[in-house]
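Asks: What follows is a predicted protein model with its sequence.
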Amino acid sequence: MKKTAKIRSLSWLLIASLFIIGCEDDEFINFTSTISSEETFFDVEEGKDITFNINLTEELSEDLPLEMDIIRDLESGVYINPEDYQDYYEYSTDSGQNWKRVRPNRVIIPKRTKNLRVRLPTINDQKLEVDEEFSLKISPLTGSVFNISGGIQPIKIIVRDNEESDENVDAYGLYFKRDANNNYNLTAINRGIEPHKVLKNYIDNGVNEQLIKDLKVLDEIGGIPVNYLDLVYTHHEEWAGFVFNKGQAESKDDWEMGLNLIYAYERFDENFQTYTETDYTTKGPFGFILVHEYGHILTLNVKEEVNPYIRNSANCNNLLIHEGCLHEKSVLNQFNRKFYINDDIYNEPNFVTDYAKTNIVEDIAETFAFYIGQNSINRVTEESSGALRKINFISENERLKDLKTQMINKLSSGQDFMDIYPSIRKLNRNHKGEPVSCIDIKQKKI
Amino acid sequence: MKYNIFFIFLLTHFCQSSWSDELLSIEFGECLGNCPVYSLEIQSNGFFVFTDLKHKTTQQGKLKKEKLIELHQILSLIDFKELKKQHSNKLIRDLPKITITYGEYNVNFSGRKSAPPPVLKLIKWADDYHQQQLSAS
C-alpha cells in the first residue's frame, strides 16, 4: 500500500515535471532554418490578390521579419504605379483562414511557425492603362541573430488592365480623342504596343501639354482641329506621322493625326545613324512633322479644298486624288496647274526634299513646311529652281501666305525645325553647280 | 539535308499555299520619316533580286537554305486568295505603302500594322533580311 502511494507520488511528480518542461517556451532555442518559396511568376487581373507561400524548414524561436520590396523598372514603360496596388500586405499562418494586415513593407514569420501565406491586393481602377509589371523582392532581416540559408527568388508579377479600349478604334498606339475643352482623353490602346516610358507617362499623365498647345494653335490658325491623336514610340518602322480625315465619307472635317514620338524625344544623327534621347522638343524634326501634317489638313480639307463626293475623273475637271476632286481654286489644284500639268522646265532641284517627289500631295506638304521654316524666301529669278518656285507659290497663295507669321510666333518650334533634312541643302545647285537659292542660305549651319 | 528536302516536300504538298512557279515580290514605299525603302523579288527556288530603292542599288543571289525554308513555311500560312486586295486606308497620308505580289495576286497595305498576322510574318521576314543586307554591306 505504502509502495503504491510512493509510486503514485513519483508518477505525479514526473508528469508535473514533463508538463513544466513541455510548456516552457524559453527552453526552445533555434535561430537556424532554410527559407524558400515556390512561386516565381504571377499573371493577375487588376483587383485580384497576389498570394504566395513562404516556407521554413525549421521553426524558429523568434519572429523573423521579412522585408518586401517592390522593384519597378522605370525605364521599361510597363512599370506599375503605386496607386495600382494596396499600401499594405496581409499574412496568414493558418493557410489563409485568418489574415493579419501590416504596412508598409514588412511581414513576420511568427516564432514556432514554418509556413506563411502572404498576399498583396491590387486595385481595380477605372483607368485605361497598359498591363503593368514589377518584381517583388523578399529578404529575411536576419541581423546578427538568425542563420537563414536558402532564399527567395524575386517574384515577377504582371497585372493585367481590365478596362476595354474603344472597340471601334484600330489604334496604332495610344489613341486620344479631343473633347470640347480641348483636352485629349485616352480612349483606346493597342495592346500589342511597343512599351516605352514616354508612352507610360502619357497614359498616366496625359498628352504632353506643349503638344496640346501646339495643336490648339494650329486649330486657331487653320480653322480645322485635330480631333484624334494616335501616338506611338517606335524605332521599328520609323514612320514619323500620318493624317487622314475620318469624316471624309460624310463630307466633314474630322481629322486624325498619328505621331511617332521618337522624333520629339530623340535626336537623330544622320552621319552616324544613331538616336540620342532628349527632353520633349519641337525644335527639330517633330516641329517639322507637325507643320507637314497640318499642311496636309490645310490642303486636303473638305471645308474649302476637296469635294469628297466626286470620285471619278469623268465628273472632275480638276485634280482628282483619293480624297476626292479638288475645287478649282483649291491650293493643290493651282499647285497642280502650275507645276505638274505644264511644260515649263526649271533648274534642279524641283522638289524641296526627296520625300516631296513621292506625289503631289506630299510635294505641297513638304513645300509648305519649308515655307514656314525659312527665315526669308528668296524671290524667283529666271534661274531659280523648281523647288524655290514652289515655295514662292505658297508664299503668294491667298489661303496660306498669312499663316506663316502666326505659326512662327505661336508654335513652340518657332522656325527651329529645319534641320530635319540637313543634307537637302547640298542639293540646291543649278546645272552649273552654283548654289541656287531654293532654301534660305542665311540659315544657321548644321 | 534529306530532312530539309523532306520538309519542303511536305510543305509543298500539304500546306495551304504551295509555292512553285509564282514570283513573290514585296515592295516597301516611302514614308515621312526614316522607313526602309526596298523591294525583294524571290522565286520558289530561292533566287532573289533585292533592290534598295533609296540608294538605287540592286543585288542578286540565292537565299540560304534556312531562309528559304522559313519563307516556304510563312507562305504556307497565307491564303492569298482570301486576302482583300486593299488592306490600307487610301486616305492615310505619310505611312509607307507596302505592296505584295504573289503570282496573280496583289495586296496593298498602309504601314505594317494594317497587315493581318500571317502577312505580318512575311513582312517581318523581309525586314529581317533587309536588315541583314544592311549589316553585311
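Replies: Right, received. Where do you want to start? Numbers count the residues shown, from 1 in each chain, chains lettered A, B, ... in the order given.

Asks: Which residues of chain B lie near chain A?
Replies: Proximity of chain B to chain A (C-beta under 8 Å from any C-beta of the partner chain) is limited to residues B:29-36, B:89-96, B:111-113. In short, each C-beta sits where N, CA and C put it, glycine included.

Asks: and the nearest residue to B:Phe48 once chain neighbours are set aside, what pLDDT?
Replies: Distance criterion C-beta to C-beta, 6 or more residues apart in numbering or on different chains; nearest residue to B:Phe48, sequence neighbours excluded, is B:Ile42 at 4.5 Å. At B:Ile42 the predicted local confidence, pLDDT, stands at 96.

Asks: Got phi/psi on B:Ile42?
Replies: In terms of degrees, to the nearest 10, the main-chain angles of B:Ile42 are phi -130, psi 140.

Asks: give me the number of residues near the residue nearest to A:Lys127 when sequence neighbours are not counted?
Replies: Nearest-residue entry for A:Lys127: A:Glu163, 6.6 Å, with adjacent residues in sequence omitted and distances by C-beta to C-beta, 6+ apart. The criterion is other C-beta atoms under 10 Å in any protein chain shown. On that basis, A:Glu163 has 13 neighbouring residues.

Asks: likewise A:Gln248?
Replies: The number of residues packed around A:Gln248, counting by other C-beta under 10 Å, is 22.

Asks: so it sits right up against A:Glu305, yeah?
Replies: No. Under the criterion of C-beta atoms under 8 Å, A:Gln248 is not in contact with A:Glu305, lying 12.0 Å apart.

Asks: Quickly note the distance from the residue of the stretch 1-150 of chain A found nearest chain B to A:Ile80.
Replies: When C-beta to the nearest C-beta is the measure, the stretch 1-150 of chain A has its nearest residue to chain B at A:Val130, with 17.0 Å between them. Note on A:Val130: its distance to A:Ile80, by C-beta to C-beta, to the nearest Å, is 10 Å.

Asks: A:Thr281 now?
Replies: Distance of A:Thr281 to A:Ile80, computed by C-beta to C-beta: 29 Å.

Asks: Just confirm the residue of the stretch 1-150 of chain A closest to chain B contacts A:Tyr79, I think it does.
Replies: No. Distance between A:Val130 and A:Tyr79: 9.9 Å, which falls outside the contact criterion (C-beta under 8 Å).

Asks: okay, and the common contacts of these two?
Replies: Overlap between the contact sets of A:Val130 and A:Tyr79, as judged by C-beta atoms under 8 Å, 6 or more residues apart in numbering or on different chains, is given by A:Lys200.

Asks: what about the residue nearest to A:Lys127, which helix or strand?
Replies: Using DSSP states H and E, A:Glu163 falls within no helix or strand.

Asks: what residues are up against it?
Replies: Applying C-beta under 8 Å, 6+ apart as the definition, the contact partners of A:Glu163 turn out to be A:Gln126, A:Lys127, A:Leu128, A:Glu129.

Asks: Can you add neighbour count, pLDDT and distance to A:Glu398 and give the residues you listed back as TSV?
Replies: Below are the contacts of A:Glu163 laid out as TSV (neighbours: other C-beta atoms under 10 Å in any protein chain shown; pLDDT from 0 to 100; distance: C-beta to C-beta, whole Å):
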residue	neighbour count	pLDDT	distance to A:Glu398
A:Gln126	6	91	49
A:Lys127	14	92	47
A:Leu128	19	94	44
A:Glu129	21	93	47
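
Asks: Mind checking which of those residues are in helices?
Replies: With helices identified by DSSP state H, none of the entries of the contacts of A:Glu163 belong to them.

Asks: Next step: these restricted to strands.
Replies: Counting by DSSP state E, those place none of their members in strands.

Asks: what's the burial count for the residue in chain B that chain A sits nearest to?
Replies: Of all residues in chain B, B:Gly33 sits closest to chain A, with a separation of 3.4 Å (C-beta to the nearest C-beta). Applying the criterion other C-beta under 10 Å, we find 22 residues in the vicinity of B:Gly33.

Asks: What of A:Gln86?
Replies: With neighbours defined by other C-beta under 10 Å, the count for A:Gln86 comes to 16.

Asks: State the distance from it to A:Met68.
Replies: Relative to A:Met68, and taking C-beta to C-beta, A:Gln86 is found at 12 Å.
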